[in-house]
Every structure is written in C-alpha cells, then in structure tokens.
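In: Below are the sequence and a predicted model for it; my questions follow.
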Amino acid sequence: MYINTLFYIIILFPCAVYLCNYELNQTSGTIVLLSYDNNIECTWIFNLSSISHNIHYRNLLLTFRHFDTEFGHDELFIGETITDVSKYNSKLFRFSGSKLPDPCLIALRGDILTRSIWIQFSSDEVNTGSGFTIDYEFLVNK
C-alpha cells in the first residue's frame, strides 16, 4: 500500500520536493508535506545565489494548493534572512489551520546574494493536519 501511495503522489506532483530540510535551487517547483508527524521542524531554503544567476528574477510567488494544520499549534512561517545577521530574522508570513492562504508575492530587495528566503514548518506534540502543498515560482521583473 505504501509503495502505491508514494507512486501516486510522485505521478501527481512530478517536480515536487517531499524532503524536510531541503535547499531549493530551481526557479519553480512544488513543496509537499502530507501526513506529517508530531514534533517535527522542517525548513526549506531558497538558494538565491543559484536561482538569481539571472538578475531579472526579483519576485517569488508562493501559491497554496492545499493547507491543513492543527490551528494555533502547527505553524508555517515564511521569512527572509540577511546573511550574517540572524538565522531567521524576519518572519514575513505565518499560517496555521485549514483556511487556504492567499498567494504570497515576495519582492527580493537589495543585494539578493546577501539574503535568503525560507519556509519553516513546526508541529507540536499532539494532533496533526493533512499537511500542505505549495507551488513556488520566481518571476522575471519587467
């Protein structure tokens, strides 16, 4: 049963990242965390130095296709870090519960090689939700 389920998920989301604590190097893709466990912490970091080799990528669009976490206890944060200042120094968005979040557009300001964008999810010791699916795409500045 597990193999069939995994195969179905991979067919459904062929370019998706299913790993917790992963560095994202592509200009578009999907982050999937389904049926998560209690007491986990996952972080996905966008490697802007490899993505931004083309200076025209100046905006990041995050679109939620599915979102269900334990309200108030299992939380997803999206933030920005300035290198050498702090690990997670600026939380831009916080989501929790079962309401599908609106798309998030993050403008990459300043020297993008000294900044990072990250998504962090943590769950507590009781109850879970069904997880989330987030499409991401770096957009060309026109």
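Out: The structure has been received and is ready for your questions.
In: Give the burial count for the closest residue to Ser122 other than its chain neighbours, as a bare number.
Out: Closest residue to Ser122 apart from its sequence neighbours, by C-beta to C-beta, 6 or more residues apart in numbering: Glu41 at 4.5 Å. For glycine as for every other residue, the C-beta is placed from the backbone atoms N, C-alpha and C. Other residues within reach of Glu41, judged by other C-beta atoms under 10 Å, total 10.
In: per-residue pLDDT, the closest residue in space to Gln26 that isn't next to it in sequence?
Out: Nearest residue to Gln26, sequence neighbours excluded (C-beta to C-beta, 6+ apart): Ile51, at 7.3 Å. Per-residue confidence (pLDDT) for Ile51: 73.
In: what's the neighbour count on Ile51?
Out: 19.
In: Kindly provide the distance from it to Leu33.
Out: Using C-beta to C-beta, to the nearest Å, Ile51 is found at 21 Å from Leu33.
In: picking up where we left off before, who are the neighbours in contact with the residue nearest to Ser122?
Out: Counting by C-beta atoms under 8 Å, 6 or more residues apart in numbering, Glu41 touches Gln120, Phe121, Ser122, Ser123.
In: related to what we said a few turns ago, right, and the residue nearest to Gln26 touches Gly29 too?
Out: No. Assessed by C-beta atoms under 8 Å, Ile51 is found out of contact with Gly29, at 10.7 Å.
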